[in-house]
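Asks: Based on what follows, work out the 3D shape:
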Amino acid sequence: MHIIRHLDALSASARGGAVSIGNFDGVHCGHVAIVKRLLERAQAVGGPAIVFTFDPHPVRILRPDQSPPPLTWTERKAELLANQGVDWIVAYPTDEELLQLSAVEFFERIVRSTLAAKALVEGPNFFFGHNREGTIGRLDELCGKSDISLDIVAPVEVGGAIVSSSRVRDLIRAGNVNEANQLLSAPYRIRGMVTHGAGRGAKIGFPTANLSAVDTLLPAHGVYAGRAMVDGVHYPAAINLGPSPTFGDALARVEIHLIGYDQALYGQPLEVDFLARLRDIRPFESPAALVEQLRRDVEQATQIASI
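Replies: Below you'll find the predicted structure:
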């Protein structure tokens, strides 16, 4: 898999294949269905499977006050797409010039000239060009005139509702990571930098890595079972999102207790998967009562992470 951030770096091996254009935020099972068709079309035309996505999401430039927090950062998105078999990911640096292109200009410049696409694969709600003027119908016309095949992949339904990034985002925002993970191609993951915290965890036998600068959506406050990655090794993790009411601390933190890992991680990046929600955050009558609950949390998190 290759990530391209500038089209002038596009090699000949990344042209003349099947292309899908979109944000692919979260890489959920609806995206997986699109990629599956993309791979089929790439094989049929004898070229690479290419996903053209945007960094950042155009809404962050056009309407920053309405921009939802992302589910994935670019490298994670590329990793998930590569796991599905995509050959090339173009993470185009979204700018005003791109956003001002008309539908025809976008098609001619990006699809035909730069990517030399032989096939396009999209969902039914795909729009392109300035002010989203390009519809699926318009795309079909342009492809027909250019001898480019166009496949429209139907939405995927799970539990009687269409899978979308916004649906996944709502579930995570509510803390329902269990159900969100059923819609995703991999467990929901965040990343951040490990910083110094209050140090209470270490004093009661449960040291934590405190994350800052998390650049994706955080689940609702609560205690979660998860899995943390350190130097390519996975460790079960008990995750606390929110304040520490037992100690009268109202400041919300992201605290990760890596089970079976006892080295300092200060100043290092850390990625953490959310596997299941264990409980709400609540005050305990004493630190001893909290410790007893934390033992149960760690035991449960270890069991869940080992499945």
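
Asks: Quick one: neighbours of R76, just the number.
Replies: 19 (other CB atoms under 10 Å). The way it works is simple: take the backbone N, C-alpha and C, and place the C-beta from them, glycine included.

Asks: That one reaches R189, doesn't it?
Replies: Yes: look at R76 against R189 with CB atoms under 8 Å: they come within range, at 6.4 Å.

Asks: What sits closest to G134 if chain neighbours are left out?
Replies: Nearest non-adjacent residue to G134, counting by CB to CB, 6 or more residues apart in numbering: A103, 3.0 Å away.

Asks: and if you look at L115?
Replies: Nearest non-adjacent residue to L115, counting by CB to CB, 6+ apart: V19, 5.4 Å away.

Asks: Show me what whichever strand or helix holds the one you found packs onto, helices and strands only.
Replies: With secondary structure defined by DSSP states H and E, V19 is part of strand 18-21. Strand 18-21 sits against helix 29-45, strand 49-55, strand 119-122, with contacts defined as 3 or more CB pairs under 8 Å, 6 or more residues apart in numbering; DSSP states H and E.

Asks: that older thread, now do the same contact list for the residue nearest to G134.
Replies: Counting by CB atoms under 8 Å, 6 or more residues apart in numbering, A103 makes contact with F128, G129, H130, E133, G134, R138, L139, L142.

Asks: The helices and strands packed on strand 18-21: lowest mean pLDDT?
Replies: Confidence, taken as mean pLDDT, is least for strand 49-55 of these (a mean of 94).

Asks: contacting residues around I239?
Replies: Applying CB under 8 Å, 6+ apart, we find I239 in contact with V223, Y224, A225, G226, V254, E255, I256, H257, V272, F274.

Asks: Between which two of those is the distance greatest?
Replies: Distance extremes for the contacts of I239: the farthest pair is A225 and V254 at 14.9 Å, using CB to CB.

Asks: between the two, who's got more neighbours?
Replies: With neighbours defined as other CB under 10 Å, A225 and V254 compare such that A225 has more, 26 against 22.

Asks: Tell me what that one is bridged to.
Replies: A238, A276 (DSSP bridges).

Asks: Counting neighbours, what do you get for the spatially closest residue to R109 that is not a sequence neighbour?
Replies: The shortest distance from R109 to any residue other than its chain neighbours is 6.7 Å, reached at L101 (CB to CB, 6+ apart). L101 has 17 neighbouring residues, counting by other CB under 10 Å.

Asks: cool, V156 as well?
Replies: Each residue near V156 was counted by other CB under 10 Å, and the total is 17.

Asks: was I right about P69 contacting T216?
Replies: Yes: here P69 reaches T216: they are 6.4 Å apart, a contact under CB under 8 Å.

Asks: Mind checking which of those two has more residues around it?
Replies: Taking neighbours as other CB under 10 Å, P69 and T216 compare with T216 leading, 18 against 13.

Asks: My guess is that one contacts P68. True?
Replies: No: judged on CB under 8 Å, T216 makes no contact with P68 at a distance of 10.6 Å.
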